[in-house]
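S.K.: I need the structure of the sequence given here:
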Amino acid sequence: MTTEFPAGGDALGPLRVLLDDAVSTDPATLEALRADKSGQLSGGAPLAVVEARTIEDVQNTLRFATEHGIPVVPRGAGTGVAGGAIAGPGEIVLSTLGMNRILEVSVDDELAVVEPGVINGDLNTALAPRGLWYAPDPASRAISTIGGNIATNAGGLLCMKYGVTREAVLGLKVVLADGRLLALGHRTVKGVTGYDLTALMVGSEGTLGVIVEATLRLRPLPTGPVATLSASFVSVAQAARAASVIVSSGVRPAIMELLDATALDGIGAYLNLDLGGRGAQLIVQTDGYGAEREAEDAAAVIRSLGGDVEVTLDPAEGERLFAIRRAFHPAMEQRGTVLIEDVAVPRSALPAMFEAIERIEKTHGISIPTVAHAGDGNLHPNFVFDAEKTADGHVDVPDEVWAAADELFAECLRLGGTLTGEHGVGLLKRRWLRDELGEDSYELQKQLKTVFDPAGILNPGKVFDGNS
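M.R.: Predicted coordinates:
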């Protein structure tokens, strides 16, 4: 959907009157909104950006957009990797980045009320003096917003033990496409009145409404020792099997990350470390009371399955090991153009999924280094290839890469998995959505969108083909 305005005059004049200097049509600003971290690029610059500062700014923008039939793309920090927040010609970008206040912190109720533009890491910095902590920790936590995390149901390294974003959201305030404000959820841990529209909004990628406030569940800051294990294996299938058995044995690591041989080679070159010769590496961290005992139990599982393991209680050494994991993405970007993927399978299917990735690499002649949040079966295969950027900075993904991705997604679904564990559908995965949902569920979800957004102005073209 695009909107044509008559030549002459200021088509956005009424909106400028309502929002004053919150409306920008600066060419450089608009150009940057054509992209996010996915490498996708829209067909041209959007019509305008609204830098909302209040709920009323969001409401006024959406009322104007509904009246004039203008598509609106909600956006936070633009750190998404699925193309879910990029905007094109005729669209208004509605940025909530300036809505960045922490409105309340309740120590007694262990909750915080925040605006959507609050940066994830900044929230925890503010909470620490009160002995509280917001658990969801996406890799982008230093730069991504709470609103964006909620829109994609972001995960992270710690979500195996502490849960993904959905488990930490008690309530939301959401503005619908016509400007109405909904207050959803509760301040209580329990609450089953009516349908759970709060959970529906989490992960909806800006297609149902614009999040303008969130009530978040907090936790006490973790106390007690932290133990970190580093284990090497001859094959990635062995490492994946060990990860599954560790969890089924009753151990609940805070973090469990798996890196395959190609990933280790690339990271070693990037950090100038000797990480070669390993089929895979498993990095495990246990925390809280009982951490040492859990680490011992995990180490016993690893040794029983042929792995070599070292255990440390030294925080600095533990941080050094996880620095290796965090270097994965910059290391891959040094090797070429990267298409970052995000699939999840049942933990028991991890060995089979890694074997499938190795087979697809050989079949298509494409390098697919992979890391995984092994505790919850969430894999991040990275397709690394050579490609020239166009004049506007866009990179076209070659057909052979999409063919390999198509085969990877089919294998993931065959193993009982899902196309995306934490990145969302956005633009990148909408072509495969029917394959996972089935035709009836797909059509029902499209109908559900029309209940919230009858005119189809919210983030059109994202998630569903021909968004309506």
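
S.K.: residue boundaries of the helices in the stretch 351-468 of the chain?
M.R.: All helices of the stretch 351-468 of the chain, identified by DSSP state H, counting those that start in this stretch, fall at 399-414, 433-437, 439-452.

S.K.: for residue 30, find the nearest of these.
M.R.: Of all the helices of the stretch 351-468 of the chain, it is helix 439-452 that lies closest to residue 30, at 26.3 Å by Cβ to Cβ. In short, each C-beta sits where N, CA and C put it, glycine included.

S.K.: could I get stretch 445-455 in PDB with only the CA atoms?
M.R.: The C-alpha coordinates for stretch 445-455 follow below in PDB (Å, rounded to 0.1, in the frame of the first residue of the first chain):
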ATOM      1  CA  GLN A 445      -3.900 -15.400  11.400                       C
ATOM      2  CA  LYS A 446      -4.400 -13.000   8.500                       C
ATOM      3  CA  GLN A 447      -8.100 -12.600   9.600                       C
ATOM      4  CA  LEU A 448      -6.900 -11.900  13.100                       C
ATOM      5  CA  LYS A 449      -4.800  -9.100  11.800                       C
ATOM      6  CA  THR A 450      -7.800  -7.500  10.200                       C
ATOM      7  CA  VAL A 451      -9.600  -7.400  13.500                       C
ATOM      8  CA  PHE A 452      -6.900  -5.100  14.900                       C
ATOM      9  CA  ASP A 453      -6.000  -3.300  11.700                       C
ATOM     10  CA  PRO A 454      -9.000  -3.400   9.300                       C
ATOM     11  CA  ALA A 455      -7.400  -1.000   6.800                       C
END
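
S.K.: just the buried positions in stretch 427-435, please.
M.R.: Buried residues in stretch 427-435, counted by 16 or more other Cβ atoms under 10 Å: 427, 428, 429, 430, 432, 433.

S.K.: rewinding a little: return the most buried member of the helices of the stretch 351-468 of the chain.
M.R.: Mean neighbour count (mean count of other Cβ atoms under 10 Å) peaks for helix 399-414 among the helices of the stretch 351-468 of the chain, with a mean of 17.

S.K.: for that one, what is the distance to the chain centroid?
M.R.: 20 Å (Cα atoms, centre = their mean, to the nearest Å).

S.K.: show me what it is packed up against.
M.R.: strand 343-344, helix 350-364, strand 378-385, helix 433-437 (3 or more Cβ pairs under 8 Å, 6 or more residues apart in numbering; DSSP states H and E).

S.K.: residues in contact with stretch 213-220?
M.R.: 55, 103, 105, 110-116, 127, 131-135, 146-147, 150, 162, 167-173, 185-187, 189 (Cβ atoms under 8 Å, 6 or more residues apart in numbering).

S.K.: rerun at 7 Å
M.R.: 110-116, 127, 131-135, 146, 150, 168-173, 185, 187 (Cβ atoms under 7 Å, 6 or more residues apart in numbering).

S.K.: quick check: buried residues in that stretch?
M.R.: Those would be 213, 214, 215, 216, 217, 218, for stretch 213-220 by 16+ other Cβ under 10 Å.

S.K.: report the contact partners of residue 153.
M.R.: Counting by Cβ under 7 Å, 6+ apart, residue 153 has contacts 164, 165, 166, 202, 203, 422.

S.K.: so which of the residues you listed wins on neighbours?
M.R.: residue 165 (27 neighbours; other Cβ atoms under 10 Å).

S.K.: tell me who's in contact with that one.
M.R.: For residue 165, the contact set (Cβ under 7 Å, 6+ apart) comprises 136, 149, 150, 153, 154, 202.

S.K.: tell me where the stretch 201-350 of the chain has helices.
M.R.: Counting by DSSP H, counting those that start in this stretch, one finds helices in the stretch 201-350 of the chain at the ranges 236-248, 261-271, 291-304, 315-326, 328-335, 350-364.

S.K.: which helices and strands sit right next to the shortest one?
M.R.: Using 3 or more Cβ pairs under 7 Å, 6 or more residues apart in numbering; DSSP states H and E as the contact criterion, the secondary-structure elements in contact with helix 328-335 are helix 261-271, strand 378-385.

S.K.: from the contacts of stretch 213-220, which ones fall inside strands?
M.R.: 111, 112, 113, 114, 132, 133, 169, 170, 171, 172, 173, 185 (DSSP state E).

S.K.: which among these gets closest to residue 251?
M.R.: Ranked by distance to residue 251 (Cβ to Cβ), these are led by residue 133 at 21.8 Å.

S.K.: pretty sure residue 425 sits against residue 465.
M.R.: No - judged on Cβ atoms under 7 Å, residue 425 makes no contact with residue 465 at a distance of 10.6 Å.

S.K.: more neighbours: these two, which one.
M.R.: Regarding residue 425 and residue 465, a neighbour count based on other Cβ under 10 Å identifies residue 425 as having more, with 23 against 12.

S.K.: from residue 297, how far out is that one?
M.R.: Taking Cβ to Cβ, to the nearest Å as the measure, residue 425 falls 38 Å from residue 297.

S.K.: repeat that for residue 78.
M.R.: Taken as Cβ to Cβ, the span from residue 78 to residue 297 is 42 Å.

S.K.: the two: who's more crowded?
M.R.: Set residue 78 next to residue 297 and count neighbours by other Cβ under 10 Å: residue 78 wins out with 21 against 16.

S.K.: show the pLDDT at the residue lying closest to that one once chain neighbours are set aside.
M.R.: Distances taken as Cβ to Cβ, 6 or more residues apart in numbering put residue 36 closest to residue 78, at 4.7 Å, once the chain neighbours are dropped. At residue 36, the model reports a pLDDT of 89.
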